[in-house]
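Engineer: Coordinates for the following, if possible.
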Amino acid sequence: MKDIRRNWLLYLMFLPVAVYFVVFAYIPMGGVVMAFESYSRQGGMFLSEWVGFDNFHYFFASGKAWLVTRNTFVYNIMFLGCYTVFSIVAAVFLSEIRRKSFKKLSQTLMFLPYFISWVTVSAFVYNFLNYEYGIVNKILHYVDAQALDIYSNTSYWYFLLPFLYVWKWVGYGSILYLAAIVGIDQEIYEAATIDGATRIQRIARITLPLLKPTMIFLLLLGLGRIMRGEFDMFYQLIGNNGLLMDATDIIDTLAFRSLMGSADFGMASSVGLYQSVLTLIIILAANWLVRRYDREQALF
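Structural biologist: Got it, this is the predicted structure:
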């Protein structure tokens, strides 16, 4: 209470965030009980028939558990890795631009995709890459090249999905890393310049090493969502395309289909709980490894 009285303004600023997480994160945890029930509208959340681990058994017996877990993990690792690398590269390039007008224009153009919804992106992709009348295939047909049938061939999506993810999020990520670069003491760069360091050497020996704490922190936060797939992205781009399902189905889309197709609340809840437990294990393991490497960089 003494600390609250001393820093009441900071706590007041934090209050909306606390209310948000209590309402949308902690209170809904009561719904976890549905993962162990055969939910019915008559019984509700707490009076429905208790079935124990039957919902989990159905999920694992369906043969989809390993498939969607693998896809979710692999895609998110690809997304996180590409997003981190390209965000750092973009931030470094932006920090080296000296002409302010061009720098502002570049930031604006990079940040613009962040505000475009996945519904709009899916429409762009469909109209560009549709097999019959897509713009790309029209051009390929004009030059007598083989058309791309991306909605029947899974191999294209292993490149296309990470590309679209980076295109949409790299502008946002570059701002985070650019803020860290701006916070670096400029006297360090001046001293390096006086000592004869080139621009590449200053980036390699000063900028990148000093970005490491920010990178580790953001990576750990990213690992907190490693088993939370980009549902909007996958559902809008892939939808219910059975030809691509095995290569692009993730935990979130499976839970959504089980809920919308059969209104199986128990199954959907068990999948969500399974997803949350895996995420908790991964973030605890990653934080433990970081603590062993550098205790000060760990989240907790």
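Engineer: make it CA atoms for all contacts and neighbour counts henceforth
Structural biologist: Noted.
Engineer: F53: what's its closest spatial neighbour, skipping adjacent residues?
Structural biologist: Leaving aside its chain neighbours, F53 sits nearest to F36 (5.9 Å; criterion: Cα to Cα, 6 or more residues apart in numbering).
Engineer: what's the distance between that neighbour and L67?
Structural biologist: For F36, the distance to L67 equals 23 Å [Cα to Cα, to the nearest Å].
Engineer: When the two are compared, which one has more neighbours?
Structural biologist: Per other Cα atoms under 10 Å, whichever of F36 and L67 has more neighbours is F36, with 20 against 16.
Engineer: Do a quick rundown of the strands in the chain.
Structural biologist: Using DSSP state E, the strands of the chain run over 37-38, 49-50.
Engineer: Please work out which of those is packed deepest.
Structural biologist: strand 37-38 (a mean of 23; mean count of other Cα atoms under 10 Å).
Engineer: A91: how many residues sit nearby?
Structural biologist: Other residues within reach of A91, judged by other Cα under 10 Å, total 23.
Engineer: for Y165, same thing?
Structural biologist: 20.
Engineer: Report the contact partners of it.
Structural biologist: The neighbours of Y165, taking Cα atoms under 8 Å, 6 or more residues apart in numbering as the test, are 79, 83.
Engineer: per-residue confidence at it?
Structural biologist: pLDDT, Y165: 95.
Engineer: likewise Y156?
Structural biologist: 91.
Engineer: on that earlier part again, shouldn't the residue nearest to F53 be in contact with F265?
Structural biologist: No: between F36 and F265 there is no contact under Cα atoms under 8 Å: 10.2 Å.
Engineer: buried sites along stretch 254-261?
Structural biologist: Residues of stretch 254-261 classed as buried by neighbour count (16 or more other Cα atoms under 10 Å): 254-256, 258-259.
Engineer: Those in helices, which ones?
Structural biologist: 254-256, 258-259 (DSSP state H).
Engineer: any chance of those residues in a markdown table, with pLDDT too?
Structural biologist: A markdown table is the format used below for those (pLDDT from 0 to 100):
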| residue | pLDDT |
| --- | --- |
| L254 | 84 |
| A255 | 82 |
| F256 | 85 |
| S258 | 75 |
| L259 | 75 |
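Engineer: how far is the lengthiest helix in the chain from where the chain is centred?
Structural biologist: When the chain is parsed with DSSP H, its longest helix is helix 65-96. Centroid separation between helix 65-96 and its chain, computed with Cα atoms, centre = their mean, to the nearest Å, is 8 Å.
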